[in-house]
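Participant: take a look and give me a structure for this.
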Amino acid sequence: MRRGRPAGYTLGMIEPLEDGRQESATPPYRGPDQPGTYRIRLCGELRPAWADWFGGLELTTDEDDNGAVVTTLTGELIDQAALQGILSQIRDLGLVLLLIERVEPGKPQAPSGSDGSVPR
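Facilitator: Numbering: from 1, shown residues only. Purely as a prediction, here's the structure:
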């Protein structure tokens, strides 16, 4: 015997699709204990050899809108504790932190320099 839908049914419930698959009514959980891709911008230049020290994050160097040299670390971190470890390493090196951003897959990134410019 099939029962009617309970009150509050749509919140987090699974809804059958036309082809028989099921789809959640809420987006997947993306909390701090889940892996995420981060972009971290720093003032100054770090050579690519530092990538291993930063857990294999990709290092790129460019200039911001003001012509200042900026290093960007990009890559996946397993959780907030891993992010905190990277931030501790940045602090230990005495680097100036300009931006920390969680990058959602498939979304365009902001143009270089426009969100992490070095103040003059």
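
Participant: tell me where the protein has strands.
Facilitator: Along the chain, counting by DSSP state E, strands occupy 14-16, 22-24, 36-43, 58-63, 69-77, 96-103.

Participant: as CSV, those strands with mean pLDDT and mean neighbour count would be great.
Facilitator: For glycine as for every other residue, the C-beta is placed from the backbone atoms N, C-alpha and C. Output for these, formatted as CSV (pLDDT from 0 to 100; neighbours: other CB atoms under 10 Å):
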stretch, mean pLDDT, mean neighbour count
strand 14-16, 54, 10
strand 22-24, 54, 9
strand 36-43, 94, 19
strand 58-63, 94, 14
strand 69-77, 95, 19
strand 96-103, 94, 15
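
Participant: CSV for those, including distance to residue 51?
Facilitator: CSV is the format used below for the strands of the chain (distance: least, CB to CB, whole Å):
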stretch, distance to residue 51
strand 14-16, 42
strand 22-24, 37
strand 36-43, 13
strand 58-63, 5
strand 69-77, 8
strand 96-103, 18
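
Participant: so which of these comes closest to residue 50?
Facilitator: Ranking the strands of the chain by proximity to residue 50 (CB to CB) places strand 58-63 first, at 6.2 Å.

Participant: same for that closest one, what does it pack against?
Facilitator: When contacts are defined as 3 or more CB pairs under 8 Å, 6 or more residues apart in numbering; DSSP states H and E, strand 58-63 packs onto strand 69-77.

Participant: could you give the angle of the strand it packs on to strand 96-103?
Facilitator: If you take axes from the mean of the first three to the mean of the last three CA atoms, to 10 degrees, strand 69-77 sits at 40 degrees to strand 96-103.

Participant: pairing partners for strand 69-77, with directions?
Facilitator: Paired neighbours of strand 69-77 in the sheet (DSSP bridges): strand 36-43 (antiparallel), strand 58-63 (antiparallel).

Participant: identify all contacting residues around that strand.
Facilitator: Outside strand 69-77, the residues that touch it by CB atoms under 8 Å, 6 or more residues apart in numbering are 35-46, 54-64, 83, 86, 98, 103, 112-113, 116, 118.
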